[in-house]
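Engineer: sequence and predicted structure below; questions after.
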Amino acid sequence: MDDTKLVSLNELVEAIDMGLDIVFLLRGVWYNISTDGTPFIAVCPDGDGDYYEDGTALVTKHMIDGVALKDLWKEIYIESM
């Protein structure tokens, strides 16, 4: 098993809903998914956070290059989770 890749989209959603701090590379850009009570995603290291009500909303509504994160999960390289 490759610890740098996700097994499923559900794994990402569950990690977000558990409040894990996730750092990942996608299409040459580093991102952080974290929470301060509400899940958010930001470009590392100093990007503004985009907030969503939960993990499902984050992966469904957040767009990268015009594509929902839920459709990009197989391209994600996990640095830490």
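Structural biologist: Everything's here; your move. Numbers count the residues shown, from 1 in each chain.
Engineer: tell me, what residue is most central in the chain?
Structural biologist: Ile33 (4.9 Å; Cα atoms, centre = their mean).
Engineer: is it true that it lies in a strand?
Structural biologist: Yes - Ile33 sits within a strand when classified using DSSP: H, G, I helix; E, B strand; the rest coil.
Engineer: what sits against it?
Structural biologist: Ala15, Ile16, Asp21, Ile22, Phe24, Pro39, Phe40, Ile41, Leu58 (Cβ atoms under 8 Å, 6 or more residues apart in numbering). Yep, even glycine has a C-beta here, placed from its N, CA and C like the rest.
Engineer: so which of those residues are in strands?
Structural biologist: Among those, the members falling in strands (DSSP state E) are Ile22, Phe24, Pro39, Phe40, Ile41.
Engineer: which among those residues gets closest to Leu72?
Structural biologist: The nearest member of those to Leu72, counting by Cβ to Cβ, is Phe24 at 10.3 Å.
Engineer: now do the same contact list for that closest one.
Structural biologist: Trp30, Tyr31, Ile33, Ile76, Tyr77, Ile78, Glu79, Met81.
Engineer: show the pLDDT at the third one.
Structural biologist: Note on Ile33: pLDDT of 97.
Engineer: then the fifth one?
Structural biologist: Model confidence at Tyr77, given as pLDDT, is 95.
Engineer: may I have the beta-bridge partners of it?
Structural biologist: Judged by DSSP bridges, the bridge partners of Tyr77 are Leu25.
Engineer: give me the neighbour count for it.
Structural biologist: For Tyr77, the neighbour count with other Cβ atoms under 10 Å is 13.
Engineer: what is the neighbour count of Gly49?
Structural biologist: Neighbours of Gly49 under the rule other Cβ under 10 Å: 16.
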